[in-house]
Structures are given as structure tokens and as C-alpha cells.
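> kindly return the folded structure for what I paste below:
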Amino acid sequence: MTLIESIYYIGYSIKKHYALKNQKRLPYKVISIGNITVGGTGKTPATIAIAEEAKRRRFIPNILTRGYKGKISRPCFVSRGDGPLLSEEEAGDEPILMAERLKGVPIVKCADRYKGGVFVLQNLEDSGTRRPGESEIALSTDSSVHRFTHSPIVFILDDGFQHQSLFRNKDILLIDGTKPFGNRKLLPLGPLREPLSAMSRADIIVITKIDKARNQRSAVNNLIEEIRKYNTKAPIFFSEHIPSEFITPQGETLPLEWAKGKRFFGFAGVGNPESFKRTLLSAGVDLKGFKSYRDHYKYSLRDIQKIIKDSVKGDDNWIVTTEKDIMRLRQLNIPANLVALLIEFAVDEEFYNEVFNF
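Take a look at the predicted model:
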């Protein structure tokens with residue numbers, strides 16, 4: 001471990017000790033979803049999928065998120081279950097994406113997830129009748145405190161693996177199967193938020209972005225062997241990122257078949273842009289050019305003009321990006337020929353059985 005890594009590790013250890021010493025509990029079950037690397041493992045699609053599955057299993061999910069790069073610091077609703085109440089600048093791109101995809105699922109932004117959970121309970125329990133915009137799942141038309149108290153509420157922590165100040169019943173760790181741990185160095189020299197030994201905390205491990213059509217058996221077996229050095233008990237599952245459809249900035253959806261015969265220029269500002277590029281190709285997109293930006297990149301008008309120029313230079317008649325990127329472009333003059341590819345988190349049913357086995 002280098003000197004810079006050692007300094008980071010000391011700060012991490014102090015923060016972890018303080019968080020565990022002062023750990024708090026919410027009065028309902030808590031599921032955490034996170035990783036030990038910086039970005040790129042697919043937390044947002046996984047969070048959306050788990051929330052949807054919770055609804056199918058008659059739980060009442062509430063998502064607690066820190067809203068990375070969102071300017072509002074106080075506890076606030078990003079959504080009460082009926083779409084975004086804040087802008088991307090206020091809430092961050094990922095919470096807005098979840099708010100648009102998830103109906104009937106309250107989403108609260110707060111760096112302190114315990115305070116966020118209390119905020120949810122206070123605001124929903126104090127409502128004697130359903131107000132416009134409130135979640136129909138969390139609050140029915142004849143809702144009362146008694147009905148709410150006895151509902152199977154579950155809190156889902158988005159990006160919660162390092163947020164140890166809140167007790168969780170299930171800790172789900174996502175590991176990117178295409179580039180698991182980078183150079184295996186801690187921040188700022190590498191992508192690791194924590195040492196690999198932190199994997200021992202996980203109750204469930206998911207190796208994401210596993211393409212069943214590709215021969216990845218040797219690499220996956222090596223990865224499992226490394227995981228088992230630190231965690232011998234957690235079940236390991238495999239997930240794919242499946243392209244589902246395209247969406248325009250106006251919200252119109254287009255089937256994958258729509259892309260046939262069209263030429264595209266792609267770009268992405270996500271944790272693993274190469275993974276998105278592979279997903280585009282797997283969806284049958286005729287990709288003539290591609291540009292990568294850093295995760296959570298804040299686009300400027302100049303960036304958009306450069307993307308348009310590059311696409312015209314390549315004689316591409318459409319531009320494609322991620323759903324998360326399109327959230328950051330709405331304040332700019334978005335080209336009429338730009339679409340986003342929607343991606344679904346696909347995993348075996350046994351994974352969900354394990355998640356909701358409290």
C-alpha cells in the first residue's frame with residue numbers, strides 16, 4: 001500500500017469506526033445496494049429492479065439516496081411515486097432517472113440515510129388523507145396511520161455499501177464482471193473505495209454485466225475464486241444488462257427494431273462507458289463512432305455542439321447515449337435526432353428470493 005493509499009485508508013477507517021459506533025436503525029427492513037469501486041457496476045438498474053420486485057411481492061418500497069452531485073442538502077422527496085419533483089441539478093441524475101422509471105415508489109434524497117428514512121415515515125404517517133402526488137402504494141385513498149404502520153414497508157439504500165451509520169438487514173454487493181477491481185488500488189490511485197477485504201460484509205454478491213453469449217467462464221471462475229478469499233458464505237449471482245428499448249428526450253419509447261438500417265454516433269458519461277458501448281452493439285446498433293466522458297459528467301453547450309459535429313462528420317443520422325446522460329442534457333438544446341438506450345437488470349429469480357428472505 002502506497003503512502004497516498006495509506007492516508008486514504010486511515011481516513012476511511014476512522015469514518016467507518018465512527019459510523020459503526022453511532023449506527024442507527026429504522027423500524028422496518030432495510031436493503032442496501034452498493035459496490036466497493038467507483039461507479040460502473042450497475043447500481044441504478046439494480047435498485048430499480050429490486051424496487052419493482054418488492055412491489056410484485058407486496059412490499060412497500062421506499063428508496064433512500066444521497067443524490068450524488070445534487071445541490072439540495074436537506075431531506076426531500078425526489079418523487080412521491082408520481083414522477084420527479086426536482087430537477088437533475090437539485091437531485092442528481094440517478095435519483096431523477098429512478099423517479100421517472102418507478103411509479104408508486106417514494107424516493108428521498110438525504111446524505112444521512114437514517115434521517116431520510118425518518119423523513120419518509122413522518123411525511124407519510126402524518127397524512128390522514130391522500131394528497132395529490134402521493135404514492136398510491138404507500139398511501140391508499142383510505143390511508144390511516146394504523147394501516148400504514150402494519151404495511152410491509154422496506155427501505156432500499158441506493159449506493160449504501162459504505163453507509164454503515166444505518167443498520168441494514170441485507171447488504172447486496174455488486175461487482176462489475178467486465179472490470180472487477182481495476183488496478184486493485186485504493187482511491188485516489190485506483191477505483192477501490194474500500195480494501196477487497198470489505199467484501200466480507202456482503203450478504204449477497206452479484207457479478208454484473210455477464211453476457212451469457214460470450215465465453216467468460218475462465219475470467220468468472222477466477223473472479224469467484226478471488227471473492228471467496230474474503231467472503232465464503234454469501235451466495236453469488238450473475239446478472240446481465242439487457243437492452244430493452246430506446247427513449248426520446250420527450251419520453252417517446254421506440255422498440256429495438258427501430259434502430260435497424262440507421263447509423264449512430266454514441267457517447268456516454270458513466271462509470272464504464274465501454275460496457276455501454278458493448279450493450280449498444282448487442283442491441284444491433286450500427287455504431288460508427290463513440291466518445292467517452294467521465295462519470296456524472298456535466299455537459300456544456302460546447303460539448304453538445306462537438307458531439308453533433310462528430311456525428312455529422314461520420315455521416316451518422318442518429319445520436320445515442322445512456323438514459324442517465326440524457327437527464328443531464330435537458331437544460332441544453334438537445335438535438336432532435338438523439339435517443340437513449342434503456343437497460344434492464346436481468347437476474348435469476350433465486351436472487352430475489354434471497355433478497356426478500358428476511
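> ok, the biggest strand by length in the chain: who's next to it in the sheet?
Ranked by number of residues, the top strand in the chain under DSSP state E is strand 236-247. Sheet pairing of strand 236-247 (DSSP bridges) gives strand 204-208 (parallel), strand 253-254 (antiparallel), strand 338-347 (antiparallel).
> just the C-alphas of the first one, formatted as CSV.
Extracted in CSV, the C-alpha atoms of strand 204-208 (Å, rounded to 0.1, in the frame of the first residue of the first chain):
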residue,chain,number,x,y,z
ILE,A,204,-25.4,-11.3,-1.3
ILE,A,205,-22.9,-10.8,-4.1
VAL,A,206,-23.9,-10.1,-7.8
ILE,A,207,-21.4,-10.2,-10.6
THR,A,208,-22.9,-7.8,-13.1
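> and the next element down the chain from it?
Once strand 204-208 ends, the next helix or strand along the chain (criterion: DSSP states H and E) is helix 217-228.
> for the longest one, same thing?
Moving toward the C-terminus from strand 338-347, the next helix or strand (DSSP H and E) is helix 349-355.
> and that following helix, how far from the chain's centre?
In terms of C-alpha atoms, centre = their mean, to the nearest Å, the centre of helix 349-355 is found 18 Å from the chain centre.
> what average pLDDT does it get?
For helix 349-355, mean pLDDT rounds to 98.
> which strands or helices does that helix pack on?
Here helix 349-355 touches helix 43-56, strand 204-208, strand 236-247, going by 3 or more C-beta pairs under 8 Å, 6 or more residues apart in numbering; DSSP states H and E. Quick note: C-beta positions are derived from backbone N, CA and C, even for glycine.
> for Phe290, which non-adjacent residue is closest in space?
Nearest non-adjacent residue to Phe290, counting by C-beta to C-beta, 6 or more residues apart in numbering: Gly266, 4.5 Å away.
> follow-up on the earlier one: and of the strands paired with strand 236-247, who's closest to Val38?
When the strands paired with strand 236-247 are compared by C-beta to C-beta, strand 204-208 sits nearest Val38, at 14.8 Å.
> ok now that closest one, how far from the chain's centre?
Centroid displacement of strand 204-208 relative to its chain, using C-alpha atoms, centre = their mean, is 14 Å.
> repeat that for stretch 31-49.
That offset, for stretch 31-49, works out to 5 Å (C-alpha atoms, centre = their mean).
> for it, list every residue counted as buried.
31-37, 39-49 (16 or more other C-beta atoms under 10 Å).
> also stretch 292-301?
Neighbour counts over stretch 292-301 (16+ other C-beta under 10 Å) mark 293, 295-297, 299 as buried.
> among the residues you listed, which one has the lowest pLDDT?
His296 (88).
> can you tell me the closest non-neighbouring residue to that one?
Here the residue nearest His296, using C-beta to C-beta, 6+ apart, is Lys69, at 5.6 Å.
> the one you found looks like it's in a strand, true?
No: applying DSSP: H, G, I helix; E, B strand; the rest coil, one finds Lys69 to be coil, outside a strand.
> before we move on, the earlier item: I'd like the helices and strands packed on helix 349-355 laid out as JSON lines, including mean pLDDT and distance to Arg80.
Formatted as JSON lines, the helices and strands packed on helix 349-355 follow (pLDDT from 0 to 100; distance: least, C-beta to C-beta, whole Å):
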{"stretch": "helix 43-56", "mean pLDDT": "97", "distance to Arg80": "14"}
{"stretch": "strand 204-208", "mean pLDDT": "97", "distance to Arg80": "29"}
{"stretch": "strand 236-247", "mean pLDDT": "95", "distance to Arg80": "23"}
